[in-house]
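Visitor: Sharing a model prediction with you, sequence too.
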Amino acid sequence: MKNSKPKLAIFKLSSCDGCQLSILDAEDELLAVLGAVEIAYFPEASSRMLKGPYDIGLIEGSVTTPHDVELTRQIRKDCKTLITIGACATAGGIQALRNWKDVKEFTKIVYASPQYISTLDRSMPVASFIHVDFELRGCPVNKYQLIEVIVAFLNKRKPNISTHSVCMECKQRGNVCVMVAHGTPCLGPVTQTGCGAICPSYNRGCYGCFGPMDSPNTSSLSRNIEARGETKYDIMLAFRGFNAYSEPFRKESEAYEK
Amino acid sequence: MKNRTIKVDYLARVEGEGALYVKIKNGEVENVRLKIFEPPRFFEAFLRGRKYSEAPDITARICGICPIAYQMSAVNAVENAFGFKLDGQLRELRRLIYCGEWIESHTLHLYMLHAPDFLGYPDVVHMAKDHPAVVEKALKLKRIGNDIVKLIGGREIHPINVKIGGFYKVPHKNDLKQLREDLLWARDAALDTVKFTSTLEFPEFEQDYEFISLCHDDEYPFNDGRIKSNKGLDISVEEYDFHFIEEHVEYSHALHSKLRERDNYFLGPIARYNLNFDKLSDIAKQAAADLNLPRYINNPFKSIIVRGVETLYACDEAIRIIDNYVMPDAPSIDYKIREATGYGASEAPRGMLYHRYRIDEDGIIQDAKIVPPTSQNQKTIEKDLKYFIPPRVNLPQDKLVWQCEQAVRNYDPCISCATHFLKLHLDKED
């Protein structure tokens, strides 16, 4: 029997499962969203796994093994539209911290029998190996943004995802600026919006889980934070977090490394 | 069919990537392997050199399903290193956010991952076509668990509000009003859930397990207590490394845990239930009694009922905490950084989660060890299959595979978690 609903597939590489879980966490919208598509491949939620091609593919996780590289190429062949979801798939994720270390050494100190482990030297974003049609930010993604992206592609329109800084959203929420008022270091001025400016709303500084905004002035922010008494090491750590390997954050953390 | 091979290349409805391989020879199970091919992520290695204050945020990223568990074990360990323990309302708020995670995670597993096994559906969406009311109720119950995490933690996945010493911000009493209303509904829904699970059919399968969980004198365990078992283990969290060891096996990216004195053991809802039944709230105990649920459970397939009972308990406990809540004067307490090693454990939805950090005088982490529940249950899962299969060896292949997968899912394995436990001290056995 032919099913006319668009086929949705959800793939996973190296990740915590949090971004694909966001789909199941959209409790109020779940049945409506999943009812509009045919779930052709979503192993975390279904034991029915259909073969491609798929209309829309979502990839969570970063590329960290030789097998992942092959898999992403196959996924690209299988999916008409391919969207990366979350910081791992889009920027290499927290596991990209290995990119500044010797992975062989890492493996040796952590696994008793390193010869059993097959892994790449680096944790890379999916787009460094294949073309992707859209990259959705966040660690984790915002479930409403995720629904927006799926709905947009189903309707063949551009997703409505803002690329300005967290500051704008923070002001809209009426927050007092944690940096100006309390001197708390905050990556909000260089981080892309989308989370809802949660951290400043809870009296803490943004730690950049949505990655760099469009054209961020990271060095200006770093100078400002340094002037408030933070050490170079602190600044390096701040940029070397969940989006450490995104280019603007990578360069900034390297500038403060020595 | 005396010689058979059961292969499941990609286990569905578990968190993360794993496969199952069983070899049967002359009706006997010759080999069982739960293969974890989820790539290693090296958390313990890259925690070295990070600030102690980053531990809860970084380790949360080990698992998107149980980030609170990681945050709780991390703060417990770091606070242990710095020589203090939270009490009063801050301690209660940590219990409250943990209740949220239990409700959310248990409901997810119970209805969306495990129930389809019992009812014969590939997934919850197909199940919803025949049982729309059940699934809608489940989703609402799950959402209320998430609402707790979101209100206290800032967001459902990788919450941002937990820190060493307490929280960044604590709620006003009024903020919890709506949540309390919702929880009254949730408690009823959880009671229905327990009834629903008790109507399922369970394979006959009982084993003599060593159950392990945190045990506390006055409460059902979340963040505090001694590590105890039904076979005489009774140790403080600080003594964990003396009693538990991990082995690296060829086919898995997750290390196998076992007790030094004996062998494999069993963590999670059934273990907690068996060891802490008396500490459940009256409503939860009554629900168990009404269904004639035994005081002691040895059938892992019945974990689905116990998840229901624990969900009911978590709703009830959350209501109790909210009713007694008085907003603390400060969202966190002051403390001094010092050079020390800290040990922490907490009861993740899937079982006990252990963290250990060595921190220097500047607050930089020198060494970290994390042992998630799934890695600790791995050996028990494999052993279960070894004994589960022989009496069923003549079942048709698809049915046998289905039941084997179901047996794995009894433990709600979180494979993403299990690939991060990495042993740092290889010489510690001497």
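Guide: Ah, there it is.

Visitor: Tell me where the stretch 51-200 of chain A has strands.
Guide: Secondary structure of the stretch 51-200 of chain A (DSSP state E, counting those that start in this stretch): strands at A:54-60, A:79-85, A:134-136.

Visitor: Tell me which of the ones you listed sits nearest to chain B.
Guide: Closest to chain B of the strands of the stretch 51-200 of chain A is strand A:54-60 (Cβ to the nearest Cβ; 9.1 Å). The way it works is simple: take the backbone N, C-alpha and C, and place the C-beta from them, glycine included.

Visitor: about what we covered before: tabulate the strands of the stretch 51-200 of chain A (TSV), appending distance to B:Gly83 and mean pLDDT.
Guide: Listed next are these as TSV, based on distance: least, Cβ to Cβ, whole Å; pLDDT from 0 to 100:
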stretch	distance to B:Gly83	mean pLDDT
strand A:54-60	40	96
strand A:79-85	42	97
strand A:134-136	43	97
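
Visitor: Deepest-packed of these, please.
Guide: strand A:54-60 (a mean of 26; mean count of other Cβ atoms under 10 Å in any protein chain shown).

Visitor: quick one: that strand to strand A:79-85, angle?
Guide: Orientation check (axes from the mean of the first three to the mean of the last three Cα atoms, to 10 degrees): strand A:54-60 against strand A:79-85 gives 20 degrees.

Visitor: Helix or strand with the lowest mean pLDDT in chain A?
Guide: For chain A, using mean pLDDT, DSSP states H and E, the weakest element among its helices and strands is helix A:103-110, scoring a mean of 66.

Visitor: before we move on, the earlier item: rebuild the strands of the stretch 51-200 of chain A as a markdown table, extending it with distance to chain B.
Guide: Shown next, in a markdown table, are those (distance: least, Cβ to the nearest Cβ, whole Å):
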| stretch | distance to chain B |
| --- | --- |
| strand A:54-60 | 9 |
| strand A:79-85 | 11 |
| strand A:134-136 | 14 |
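
Visitor: nearest to B:Glu361, of those?
Guide: strand A:54-60 (39.1 Å; Cβ to Cβ).

Visitor: Surely B:Arg226 and B:Asp217 touch.
Guide: No. Taking Cβ atoms under 8 Å as the definition, B:Arg226 is not a contact partner of B:Asp217, at 9.1 Å.

Visitor: what about B:Ile333, neighbour count?
Guide: Using other Cβ atoms under 10 Å in any protein chain shown, the number of residues around B:Ile333 comes to 16.

Visitor: how about it, what does it touch?
Guide: Counting by Cβ atoms under 8 Å, 6 or more residues apart in numbering or on different chains, B:Ile333 makes contact with B:Phe84, B:Leu86, B:Leu90, B:Gly165, B:Gly166.

Visitor: Can I get the strands of the stretch 51-200 of chain A in CSV including distance to B:Arg48?
Guide: Output for the strands of the stretch 51-200 of chain A, formatted as CSV (distance: least, Cβ to Cβ, whole Å):
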stretch, distance to B:Arg48
strand A:54-60, 26
strand A:79-85, 29
strand A:134-136, 30
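
Visitor: pretty sure A:Ser222 contacts A:Glu252?
Guide: Yes. Assessed by Cβ under 8 Å, A:Ser222 is found in contact with A:Glu252 at 6.1 Å.

Visitor: what residues are shared contacts of the two?
Guide: A:Ile235, A:Phe239.

Visitor: Out of the contacts of B:Ile333, which end up buried?
Guide: Among those, those classed as buried by 16 or more other Cβ atoms under 10 Å in any protein chain shown are B:Leu86, B:Leu90, B:Gly165, B:Gly166.

Visitor: Those residues into CSV, with extra columns for secondary structure and pLDDT?
Guide: Listed next are those as CSV, based on DSSP: H, G, I helix; E, B strand; the rest coil; pLDDT from 0 to 100:
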residue, secondary structure, pLDDT
B:Leu86, coil, 97
B:Leu90, helix, 98
B:Gly165, coil, 98
B:Gly166, strand, 98
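
Visitor: Return the member of these nearest to chain A.
Guide: Of the buried ones among the contacts of B:Ile333, the one sitting nearest to chain A (Cβ to the nearest Cβ) turns out to be B:Gly166, at 11.9 Å.

Visitor: That closest one bridge partners, please.
Guide: B:Gly166 has the following beta-bridge partners by DSSP bridges: B:Lys163, B:Ser332.

Visitor: In contact with it, which residues?
Guide: Per Cβ under 8 Å, 6+ apart, neighbours of B:Gly166: B:Leu86, B:Leu90, B:Leu93, B:Pro328, B:Ala330, B:Pro331, B:Ser332, B:Ile333.

Visitor: Please apply the same query to A:Glu252.
Guide: Applying Cβ under 8 Å, 6+ apart, the residues contacting A:Glu252 are A:Thr218, A:Ser219, A:Ser222, A:Ile235, A:Phe239.

Visitor: Next one: the residue nearest to the second one when sequence neighbours are not counted from B:Glu238, what distance?
Guide: The reference is to A:Ser219. Distances taken as Cβ to Cβ, 6 or more residues apart in numbering or on different chains place A:Glu252 nearest to A:Ser219, at 6.7 Å, with adjacent residues excluded. Remark: distance between A:Glu252 and B:Glu238 (Cβ to Cβ, to the nearest Å) = 40 Å.

Visitor: cool, and A:Pro248?
Guide: Distance of A:Pro248 to B:Glu238, computed by Cβ to Cβ: 43 Å.

Visitor: What of B:Lys279?
Guide: Taking Cβ to Cβ as the measure, B:Lys279 falls 22 Å from B:Glu238.

Visitor: confidence score at B:Leu260?
Guide: To be clear, residue B:260 is Arg; Leu isn't right here. In this model, B:Arg260 is scored at 85, pLDDT.

Visitor: domain ranges for chain A?
Guide: Domain assignment for chain A by automatic domain parsing gives A:7-154, A:166-255.

Visitor: Span of the longest one from start to end?
Guide: I take that to be domain A:7-154. Start-to-end span of domain A:7-154 (Cα to Cα, to the nearest Å) is 10 Å.

Visitor: what do you get for the last one?
Guide: One end of domain A:166-255 to the other measures 23 Å (Cα to Cα).

Visitor: And for stretch B:282-302?
Guide: In stretch B:282-302, first residue to last residue: 21 Å (Cα to Cα).

Visitor: give me the residue from the stretch 1-150 of chain A nearest chain B.
Guide: A:Gly18 (2.1 Å).
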